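Asker: Need the 3D shape of this:
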Amino acid sequence: MTTPSIPAEAPNDESKAQRVYSYLRRRIRDLAIPPGTALRKNEIALECGVSRAPVSEAIARLSAEGLIDVYPQSGSFVSPIRPKDVRESMFIRTGLEVEAVRCVARVADPALLQRLEANIEAQAEALSSTPLNAAKYDDLDEEFHAMIIAALHSPRARHLLESARVLLDRPRYLALPENQRPQDTFAEHRRIVDAISTGDPELAAAAMRVHLSNVATAIEAKLAQIEATEEDNEHHD
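Answerer: Numbers count the residues shown, from 1 in each chain. Reported below is the predicted structural model:
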């Protein structure tokens with residue numbers, strides 16, 4: 001798999017740590033760095049053009065979010081996909097986003113709707129490519145939901161959603177190419193925007209709930225495969 005490009009050099013350590021965090025999170029999401037992989041700080045620092053300090057900070061953040069396991073005497077490793085944690089994150093995400101879109105629909109802000117429409121157009125363009133660029137489409141998916149939660153102007157709500165989405169990244173990415181899921185996701189996003197534009201909070205909440213229920217169903221199918229593989233491995237040990 002092609003390694004994503006490293007963002008341009010940033011002027012301070014905080015920006016550097018954010019840059020390394022985004023780089024690692026994306027590669028973990030795309031499974032370019034598979035579960036169980038040992039992370040070498042020197043190699044990551046060289047790839048990103050930074051010192052070890054921003055790498056350590058990024059790894060600490062990803063560890064707090066559950067994507068990296070840190071063992072003091074052994075090192076840092078990409079965490080396995082833990083079904084229990086994924087299900088808990090999906091529960092949190094659903095509660096937050098259904099209420100968020102309900103609030104957003106009450107306002108039906110024209111500027112927000114314009115941005116959402118632009119995102120929908122970009123999704124349609126991404127879907128037209130063959131084969132599907134899953135990473136690009138997933139970025140647009142994340143941007144779509146981020147715009148809605150950002151419209152609340154609630155940093156705590158945005159942080160909670162981001163924390164929940166982190167653990168959903170990999171199973172969502174695995175489930176994205178399945179069957180007609182990308183096309184279904186696009187249609188569901190389209191219905192959410194249409195519902196927001198009506199100014200009807202309950203219609204918007206229902207559209208978001210249907211969408212996230214379908215996301216959860218797709219994720220559950222992947223989790224079932226992961227759990228079945230784990231059981232097989234235990235039987236062969």
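
Asker: Let's see the distance spanning stretch 65-82 from one end to the other.
Answerer: End-to-end distance for stretch 65-82: 13 Å, by Cα to Cα, to the nearest Å.

Asker: neighbouring contacts of that stretch?
Answerer: The set of residues external to stretch 65-82 that reach it, using Cβ atoms under 8 Å, 6 or more residues apart in numbering, is 25, 28, 33-39, 41, 59-60, 62-63, 85, 163, 166-167, 169-171, 223, 226. Heads up, the C-betas are built off the backbone N, CA and C, glycines and all.

Asker: Can you tell me which of those end up in helices?
Answerer: Using DSSP state H, the subset of those located in helices is 25, 28, 41, 59-60, 62-63, 85, 163, 166-167, 169-171, 223, 226.

Asker: Out of these, which end up buried?
Answerer: 25, 28, 41, 59, 62, 166, 167, 169, 170, 171, 223, 226 (16 or more other Cβ atoms under 10 Å).

Asker: What residues does the most centrally placed residue in the chain make contact with?
Answerer: Centroid-nearest residue in the chain: residue 169, 4.0 Å away (criterion: Cα atoms, centre = their mean). Residue 169 is in contact with 25, 28, 29, 67, counting by Cβ under 8 Å, 6+ apart.

Asker: Just give me the neighbour total for the third one.
Answerer: Neighbour count for residue 29, taken as other Cβ atoms under 10 Å: 22.

Asker: ditto for the last one
Answerer: By other Cβ under 10 Å, 22 other residues sit near residue 67.
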